[in-house]
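Visitor: Okay, here's the prediction I keep looking at, along with the sequence it came from:
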Amino acid sequence: MYLDDAEISRLERHLAEAFGAQQVRVQAHEKLSGGAIQENWALDIQVSGGPRNGSHALVLRTDSASGVAVSHSRLEEFALLKAAWDAGVCVPEPLHHSRDQSVLGKDFCLMRRVEGTAVGQKVVKDDSLAGGDKERLAEALGRELARIHTITPATHSFDFLGLPEDAPAPHQLRTLYGYVDAIDRPQPALEWGMRWLNLRLPETEEVVLAHRDYRTGNYMADETGVRGILDWEFAGWSDPHEDLGWFCAMCWRFGMRDKPAGGIGSRAAFYRGYRAESGRRIDPAKVYWWEVFAHLRWAVIALQQVERYLSGEEATLDLGLIGLRLPEIEIEMLDMTAPGQQLPSAQDAEAAA
């Protein structure tokens, strides 16, 4: 799939003006795989004149034909990426954003392209990543997450991000209640999960900027380690344990059940990196709560993705096939919430360390 000649010409003229250049030429472009919610295009451009004179490998990110609830716009995502870049998080350098509909017919943003592997199924099986030391990769990802969590309501304000009405956990759970209630067929497993979570709400919570999709599949890695944290369209104010639980949830281990840190390593390594960078104490009971929540949230997102396909707005069969994953997500959530299941304790956290 390619941009047509008219779109390329408009983009070249727009970037020349944005970059203060005499001329910009798009030498190659290709739609990238992945991006279930957004479209990503690899661009190789040549800039003549101005401060960005030279060759650049970029990614152009724009909207798909339809989206899911709570997904940020491209301009909002760009603002979050810029904040993360300024905070020292390993992210692709944000370069430009535009709401000029005359260029591509929709908003878009540009960032520098980073090399590596992001596909989850490949990442968990590739033993060359991080020099063959996946524990080192898990620890590095813990450190990157801690850097994201240095962004707080006290340090940053985003006009498109409202603070939770109360604590993050009940706020997020109420949001999922609304989505499940809107589904026109019974969802007993999801109802059970919501009841379990509601009865065990965390008592105290801190509020930071959470990535809210921090997982294997949303970072680039190569033989040197982490190259970039990707996909910020769900980021929002929440408890830091939400990101810890999402990363460790079984649904994001890609079959590597014995490697709880994203299918690549141990909790000990992931937690070690996070604690060393942040100085925070990790509450294992809170992580467990957010892991259960992760399966519930992923189940709701899967149903929303299926609806995008069934509505005819998106012809991508991958979106329809996501619905086939719902039973395995539900089974995992039911296993975690079975009667008699004990939440981990502080002693478990010490053992993991």
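Guide: Looks like it arrived, so ask away. What you are looking at is a predicted structure, and each value in this text was computed from that prediction instead of being measured.

Visitor: Not counting residues beside it along the chain, what's closest to the residue nearest to the spatial centre of the chain?
Guide: Taking CA atoms, centre = their mean, the centroid of the chain lies closest to Asp213, which sits 3.0 Å from it. Leaving aside its sequence neighbours, Asp213 sits nearest to Phe234 (CB to CB, 6 or more residues apart in numbering; 4.7 Å). The C-beta positions use only the backbone N, C-alpha and C, and glycine is treated the same way.

Visitor: So that neighbour lies in a strand, does it not?
Guide: No. Counting by DSSP: H, G, I helix; E, B strand; the rest coil, Phe234 is not part of a strand but coil.

Visitor: who's in contact with it?
Guide: Contact analysis of Phe234 by CB atoms under 8 Å, 6 or more residues apart in numbering lists 70-72, 211-213.

Visitor: still on that earlier bit, relative to Trp246, how far out is the residue nearest to the centre of the chain?
Guide: 7 Å (CB to CB, to the nearest Å).

Visitor: now Gly120
Guide: For Gly120 relative to Trp246 (CB to CB), the value is 13 Å.

Visitor: Who has more neighbours out of the two?
Guide: Counted by other CB atoms under 10 Å, Gly120 and Trp246 do not tie: Trp246 has more neighbours, with 28 against 22.

Visitor: Pretty sure the more buried one sits against Val292.
Guide: No. Between Trp246 and Val292 there is no contact under CB atoms under 8 Å: 11.2 Å.

Visitor: got any residues that touch both of those two?
Guide: Shared contacts of Trp246 and Val292 (CB under 8 Å, 6+ apart): none.

Visitor: coming back round to it: please identify every residue contacting each of Gly120 and Trp246.
Guide: Shared contacts of Gly120 and Trp246, defined by CB under 8 Å, 6+ apart, are found at 215, 252.

Visitor: mean confidence for stretch 264-279?
Guide: Across stretch 264-279, pLDDT averages out at 98.

Visitor: Could you do stretch 16-33 as well?
Guide: 95.

Visitor: Now that stretch: buried residues?
Guide: Neighbour counts over stretch 16-33 (16 or more other CB atoms under 10 Å) mark 16, 18-19, 21, 24, 26, 29 as buried.

Visitor: Out of these, which sit inside strands?
Guide: 24, 26, 29 (DSSP state E).

Visitor: Now tabulate those residues in JSON lines and tack on distance to Leu163.
Guide: Supplementary listing: those in JSON lines, determined by distance: CB to CB, whole Å:
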{"residue": "Val24", "distance to Leu163": "40"}
{"residue": "Val26", "distance to Leu163": "41"}
{"residue": "His29", "distance to Leu163": "40"}
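
Visitor: from those residues, which single one is nearest Ile282?
Guide: When those are compared for distance to Ile282 (CB to CB), His29 wins out at 43.0 Å.

Visitor: Can you get me a residue count around the residue nearest to Asp335 when sequence neighbours are not counted?
Guide: Ranked by CB to CB, 6+ apart and with sequence neighbours excluded, the top spatial neighbour of Asp335 is Gln341, at 7.9 Å. For Gln341, the count of nearby residues is 12 (other CB under 10 Å).

Visitor: in stretch 326-339, what counts as buried?
Guide: Within stretch 326-339, the residues that qualify as buried are 326, 329-330, 332-334, 336-337, counting by 16+ other CB under 10 Å.

Visitor: Including secondary structure, pLDDT and distance to Asp181, could those go into CSV?
Guide: Below are these laid out as CSV (DSSP: H, G, I helix; E, B strand; the rest coil; pLDDT from 0 to 100; distance: CB to CB, whole Å):
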residue, secondary structure, pLDDT, distance to Asp181
Leu326, helix, 88, 17
Ile329, helix, 95, 19
Glu330, helix, 95, 17
Glu332, helix, 96, 23
Met333, helix, 96, 18
Leu334, helix, 96, 20
Met336, helix, 96, 23
Thr337, coil, 97, 20
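
Visitor: Outline the domain layout of this structure.
Guide: Domain segmentation of the chain under automatic domain parsing yields 5-112, 120-352.

Visitor: show me the contacts for Glu277.
Guide: Residues near Glu277 by CB under 8 Å, 6+ apart: 142-143, 146-147.

Visitor: That one in helix, strand or coil?
Guide: Here Glu277 is helix, with the state taken from three-state DSSP.
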